[in-house]
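Enquirer: 3D, please:
(2 chains)
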2 protein chains.
Amino acid sequence: MVLNRKIDAIMSEVLFLSTGLLSGLLAVFVALLTYRKVMQADEGDDRMREVSHLIQEGANSFIQIQYKILTIFTLLLAIVIAIAFGLLGIPIAVSYILGSFASMSAGYIGLAVATRANRRTAAAAAKGGLNPAFMVAFRAGSVMGLMIAGIALVGLSALYWLWNIVLPDTFFDHIEMYRETALWEILTGFSFGASTVALFAKAGGGIFTKTADMAADIVGKIELHIPEDDPRNPAAVADAVGDNVGDVAGTGADIFDSNVAAILAAALLGAAIDVTPPSPPIVFGLLPLLIAGLGTLASVLGVFLVRPNAQDDPGPALNRGTYITTILFASLVLVVLFILEIDLVIALSAIFGLLAGVFIGFTSDVFTNDKGLFGFKPVQNMVENAEKSTANLILSGYSYGLLSAVPSVLGVVAALVASYVLGETATTIGLGGWEGGIYTVAIAAVGLLATNGLTMSSDSYGPIVDNARGVIEQAEAPHEATVACDKLDAAGNTAKAITKGFAIGSAAISVLALFAAFIESATVLLERPVVVNISNPFILAGVFIGALVPVTFTAMLILGVDRNAGRMIKEIRRQFEADPGILEGTSKPDYDKCIAIATSGAIRELMPSTLLAIGVTILTGVLLGLEALGGYLGGAVMVGFIMALLMSNSGGAWDNTKKLIESPEYDHNHPRYEQIHRNAVRGDMVGDPFKDTAGPSINTLLVVISLTATLFLPLIAILQLG
Amino acid sequence: MVLNRKIDAIMSEVLFLSTGLLSGLLAVFVALLTYRKVMQADEGDDRMREVSHLIQEGANSFIQIQYKILTIFTLLLAIVIAIAFGLLGIPIAVSYILGSFASMSAGYIGLAVATRANRRTAAAAAKGGLNPAFMVAFRAGSVMGLMIAGIALVGLSALYWLWNIVLPDTFFDHIEMYRETALWEILTGFSFGASTVALFAKAGGGIFTKTADMAADIVGKIELHIPEDDPRNPAAVADAVGDNVGDVAGTGADIFDSNVAAILAAALLGAAIDVTPPSPPIVFGLLPLLIAGLGTLASVLGVFLVRPNAQDDPGPALNRGTYITTILFASLVLVVLFILEIDLVIALSAIFGLLAGVFIGFTSDVFTNDKGLFGFKPVQNMVENAEKSTANLILSGYSYGLLSAVPSVLGVVAALVASYVLGETATTIGLGGWEGGIYTVAIAAVGLLATNGLTMSSDSYGPIVDNARGVIEQAEAPHEATVACDKLDAAGNTAKAITKGFAIGSAAISVLALFAAFIESATVLLERPVVVNISNPFILAGVFIGALVPVTFTAMLILGVDRNAGRMIKEIRRQFEADPGILEGTSKPDYDKCIAIATSGAIRELMPSTLLAIGVTILTGVLLGLEALGGYLGGAVMVGFIMALLMSNSGGAWDNTKKLIESPEYDHNHPRYEQIHRNAVRGDMVGDPFKDTAGPSINTLLVVISLTATLFLPLIAILQLG
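Expert: Okay, here's the model as predicted:
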């Protein structure tokens, strides 16, 4: 069915869509140019190239196996979707496949540049020192950042355009849906594709990286007392590969999927407004593309403005990039929306979202850095606990992790309530009431993620530098290069802490927006109000079951790492025993065996939990009803959000406790230094799968189950009635 | 206002009330007789008496200080209540004071017998061996068990009777409430008193016991390598005192408060049915007293049936007591309710609740014992992890703790839905619909807790035996006595795991019943349906804030233990340094200093979290409205329930991993045995505050905030309108 739109609305349609598409294309274009520039940098000496190529090949072999399995998975699920969804089936299935491949290619490009940039960063550090190395690493990171921001925008805008042209009016008459609503429903497939890939990338990469890290540490550091990144360790390359597949490809896919989901949720809610008379002055369904487009423009500019200082610390340069981009985006949104005469509440909601993101990132940083705030110094206190015993360190880190959820959750709640009130009380046609309120909540999520191009650039910088350090270590390059890399690494830590909080916060708000979109869709489908009243025991049962999902998922991932590390430990010990020359440094270990174990294990451990998440979601809806499914989503978000914060931040705090104890600031002549350091290492080992496997994967899980509920809604309704 | 009841209903009123009162009195009477019997047992030799008296005095000094502060707290809050609640103020305040004192006296009696029974158990073990010692310990435990069951029933029935006689009809006309509704509202004060005391007893005791345990272990076992319970350790007595104040008095107060809350919630919901025409055939508000009374009768019988076998393992005897009592109670309820022609759904709901409790206890045991089930062997697997590293052990224990929440939550959900459906579809006058459904949910909670007299008896047995072992160790009694005590201790472990699961499950269902009672009361007060629709952002905000309460509470308790242990560690080190004779065994350490530190620290650390919980509850209601307060309770229960299970069960699993590694079953000649054992000790140290401080205290916290919401409902409504 077709809407009769006023001329203004039609013009807004063209404007929003083309802004989205063009800014997306611009970001992709700049990313490709930057890629070329990074590739021109010096690749370093033979030894560096050799080490780096090992990492590059390891990452490739992981990604090839993973993508092969993902392709099979995607095609199988696409067939199910194509069959199950009637007339809409084919378009949704096609969009789903495209979403999967978009996410895979973004991840692939990021990985490709990261694994090529490590030797170049190492070479720059060895030759030119701090600043040139910083520029190589940051540029390489920005390839990933701009790529994922660009592909999200291009994918959504182009697909919308495409389906709009391809599908005839009779199609929409047949399925008895408005054209705009149906188009966004089709694009839900794109988002679902992006999020299933993200789950594999993030959680699979997370299992890979921590399997290698843990196994390398247990046999290398603890049993044989050889240093980290030592080339004699058969898991050394797998460990370096892990940083790339977990932190670069995984985090990229995660942010990509949150961004797409946020835009989609806002679009679904906007489309619902658009099709409800009276006809609104602009196309609300497409407005998120404009906002995301402006954010991407701000990110492109921001990336160019990041330059190292004359000083010896590149940290401020990175952070300045974030500040400038944030301010740039806020100004752009305010000005552009003012010129277009779009209700101010939209711009304000987007900015509220952004502020919530900054706030969450900031508070996460307070709980994990070694400086604290206003005399509240968690990490310093944890250092004192490490001096007492391992248990005290574990207990205090866990407690601070729990506490770190408090400001973040309150920040999200504040953004939620504030943006809701803005939209609910607005008087523009189309806004106002519950629909208007939840639309602005979704806009807040879009605003929070709009500058993801830059955030992700700063984040990817971290693992590249980390890898460069490994390359220098293994290539036995001069010590000054290691020192430079350590400084670069430290600069990346704040950015990393902020991005983690940011990723979790944005997933939380995106998922809340998806939750609202689910309620809206269910209301339209059932043609009655869908009230998720938790004083109804069936709905409360849904809430409880939902709450168990992130709990079970987390446990399965951690046990997966544990089992997988067990396999790798056996292999490492076997190699050392079989050939004593390895430990003496006279013969080479078999790096590939370890990479193969990490790869196959990651995929084997991940499959059950993914299928469980999708299966339980559909089953809850079928057995307990759509209201209970709403409760299920609510329960999952709440517990998942808290767990994600707990695990990421306690993990970060343990990591930094160890770093602080290893730093020159700490008294290395302490009579029990050896023991204190071992305590700190143990804390860090507990924190590793917390912060790098489970914590960040929960975000993606939440998006996947929310999209499953929204996408499969018509199917669940039918199965339930049947 | 007075109800016009049929003659049948009036007869049921007298019957239910007198059953409750008389069975309660019977339990108290049997408890006192048993106390006398325990006191007649031999007190052991001089050394045993000396050690035991130290513990007894330490416990007394803790309880005196705690009760002094609690009395002040109670009286202050009573004054606030008396002023704030208008005409109802004085009766509620008086009930509140009585509830506090009832809980305190139950705790005091349990502690009194436990601290006197340890030396008698030790003496029996030294002289007569296993069986006589078992009987002394179990009898002493049953004093506590029967006492708390009895006092709950006597308190509620007698107070109901009393206020019913004392308050004239004009009083109820004045406050415009039905007599029955108002009476139960007044008794909410009793329950609130019991639960605030329980929070202090459980969480305060938990901080005390783990402060002492951790400090004793760090300085004693880790730094100086002296064995556990060694009399040279200045914290040895504080450690033994801790077992009593945490496990006996704390758990007793916890179960007492859950039981009172369950009966109260069912009574509130029943009273709401009673005052709604048409007049039901029985007084539903008083029916919970009948059910709880039957459970108490079954417990009294069950206690007499516990006798040790001829074999060498008293474990089966303990478990048999539980099974017999459960079957006895189920039969009694079925028969009595059948004779009284009360709808079968009531008996079935009570039995569903009981089954849920047994199921939760059973699954908790599977996750924490060393045998596992159907090849799923968490603790065995954790032993293998302990062989890898401390981190692996911590990570796997944490993951199993998370997984252990799954069956328990599903068990509660099943009991919730099943008992709801029973009541909702029943056709007896008064039952049917939402009110009927949630009433039977509350009955399930009453059923689950009805046999608490026996469960608590088996549970209290554990710390008494544990303490007896300490007395034997410190009194340097023959080694055979230690062996006997170890066997007795092992027998208590299953009972303890089951009780913990049971306590958590019962608290969860009780709190769900209280949640329903809150909604019902709010509906009556506001004279409109109270719909806790979580797709409303304000209500969702309430859910999120509620979810943060158990999170913050847990963190504050653990950090409290940590800080307090730090203070005690300093004191222990100071004593060892000041007088080298202590370590040589030539001079005595100053035990009292450590007890004083544990005591004052426990109270100091607990106050903020308690006030926070009560304050945030009231504030959320005032700021966000009663619907959001409903969401708040829902969020708190969900997250709290999962956290309580996680912390109790992971803690239990770490504990048993260590025990297994210390047991003769494990290969003590393992080349790395020392290191593996140290790993296990570290796991246990992390688990200690998990399972003995935070985990079980969360139950009580949930009851406190639910009762705060229900009790302060009228006040919140006024403040909100103001």
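Enquirer: Assign the residue of the stretch 101-250 of chain A found nearest chain B to helix, strand or coil.
Expert: Of all residues in the stretch 101-250 of chain A, residue A:218 sits closest to chain B, at 5.5 Å by C-beta to the nearest C-beta. C-beta here means a position set from N, CA and C on the backbone, and glycine is covered the same way. With DSSP: H, G, I helix; E, B strand; the rest coil as the basis, residue A:218 sits in helix.
Enquirer: what about the stretch 451-600 of chain A, any weak spots by pLDDT?
Expert: Counting by pLDDT under 70, the low-confidence segments of the stretch 451-600 of chain A come to A:494.
Enquirer: one more time with 90, if that's ok
Expert: A:455-510, A:521, A:523-530, A:535, A:562-567, A:569-600 (pLDDT under 90).
Enquirer: Spell out which residues of it are next to chain B.
Expert: A:512, A:515-516, A:519, A:530-538, A:540-541, A:543-545, A:547-548, A:551-552, A:554-556, A:558-559, A:561-562, A:565-566, A:569 (C-beta under 8 Å from any C-beta of the partner chain).
Enquirer: so how many other residues sit close to whatever residue of the stretch 601-722 of chain A ends up closest to chain B?
Expert: Nearest to chain B in the stretch 601-722 of chain A, going by C-beta to the nearest C-beta, is residue A:685, at a distance of 3.4 Å. Using other C-beta atoms under 10 Å in any protein chain shown, residue A:685 has 25 other residues around it.
Enquirer: In chain A, which helix is the longest?
Expert: helix A:479-526 (DSSP state H).
Enquirer: now that helix, how far from the centre of its chain.
Expert: A distance of 5 Å separates the centroid of the chain from that of helix A:479-526, by C-alpha atoms, centre = their mean, to the nearest Å.
Enquirer: What is the subsequent helix or strand relative to that helix?
Expert: Beyond helix A:479-526 on the C-terminal side, the first helix or strand identified by DSSP states H and E is helix A:537-578.
Enquirer: Export only the CA atoms of the next helix-or-strand element following that following helix, formatted as PDB.
Expert: Per DSSP H and E, helix A:537-578 leads on to helix A:581-584 as the next helix or strand towards the C-terminus. Presented in PDB, the C-alpha positions along helix A:581-584 are these (Å, rounded to 0.1, in the frame of the first residue of the first chain):
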ATOM      1  CA  GLY A 581      65.300 -27.600  21.000                       C
ATOM      2  CA  ILE A 582      62.200 -25.500  21.000                       C
ATOM      3  CA  LEU A 583      62.900 -24.200  24.600                       C
ATOM      4  CA  GLU A 584      66.600 -23.800  23.800                       C
END
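Enquirer: Which elements pack onto helix A:581-584?
Expert: Where contact means 3 or more C-beta pairs under 8 Å, 6 or more residues apart in numbering or on different chains; DSSP states H and E, helix A:581-584 is packed against helix A:537-578.
Enquirer: quick one, the helix it packs on and helix B:479-526 angle?
Expert: Angle, helix A:537-578 to helix B:479-526, by axes from the mean of the first three to the mean of the last three C-alpha atoms, to 10 degrees: 140 degrees.
Enquirer: buried set for the helix or strand hosting residue A:207?
Expert: Per DSSP H and E, residue A:207 falls inside helix A:205-216. By neighbour count on 16 or more other C-beta atoms under 10 Å in any protein chain shown, the buried set for helix A:205-216 is A:205, A:206, A:207, A:208, A:209, A:210, A:211, A:212, A:213, A:214, A:215, A:216.
Enquirer: now for it, which elements pack on it?
Expert: helix A:236-242, helix A:537-578, helix A:591-624, helix A:673-689.
Enquirer: of all the ones you listed, which lies closest to residue B:327?
Expert: With C-beta to C-beta as the criterion, residue B:327 lies closest to helix A:537-578 of these, at 27.8 Å.
Enquirer: burial measure for residue A:588, as a count.
Expert: 12.
Enquirer: actually residue A:551, not the one I typed
Expert: Neighbour count of residue A:551, defined by other C-beta under 10 Å: 26.
Enquirer: The one 5 residues further on now?
Expert: Using other C-beta under 10 Å as the criterion, residue A:556 is surrounded by 22 other residues.
Enquirer: Next up, the contacts around the residue of the stretch 101-250 of chain A closest to chain B.
Expert: A:565, A:569, B:388, B:389, B:392 (C-beta atoms under 8 Å, 6 or more residues apart in numbering or on different chains).
Enquirer: Let's see that with 6 Å instead.
Expert: Contacts for residue A:218 (C-beta atoms under 6 Å, 6 or more residues apart in numbering or on different chains) come out as A:569, B:389.
Enquirer: The residue of the stretch 601-722 of chain A closest to chain B and residue B:136: what is the separation?
Expert: Distance, residue A:685 to residue B:136, using C-beta to C-beta, to the nearest Å: 46 Å.
Enquirer: about what we covered before: okay but the residue of the stretch 601-722 of chain A closest to chain B is in contact with residue B:392, surely?
Expert: No. The pair residue A:685 / residue B:392 is not scored as a contact, 8.1 Å apart, by C-beta atoms under 6 Å.
Enquirer: What sits closest to the residue of the stretch 601-722 of chain A closest to chain B if chain neighbours are left out?
Expert: Residue nearest to residue A:685 in three dimensions, not counting chain neighbours: residue B:391, with 3.4 Å by C-beta to C-beta, 6 or more residues apart in numbering or on different chains.
Enquirer: Quick one: residues contacting the one you found.
Expert: Residue B:391 makes contact with A:682, A:685, A:686, according to C-beta under 6 Å, 6+ apart.
Enquirer: Pretty sure residue A:690 sits against residue A:649.
Expert: No. Counting by C-beta under 6 Å, residue A:690 stays clear of residue A:649, with 9.0 Å between them.
Enquirer: The two - which one has more neighbours?
Expert: residue A:649 (33 against 29).
Enquirer: All set, thanks.
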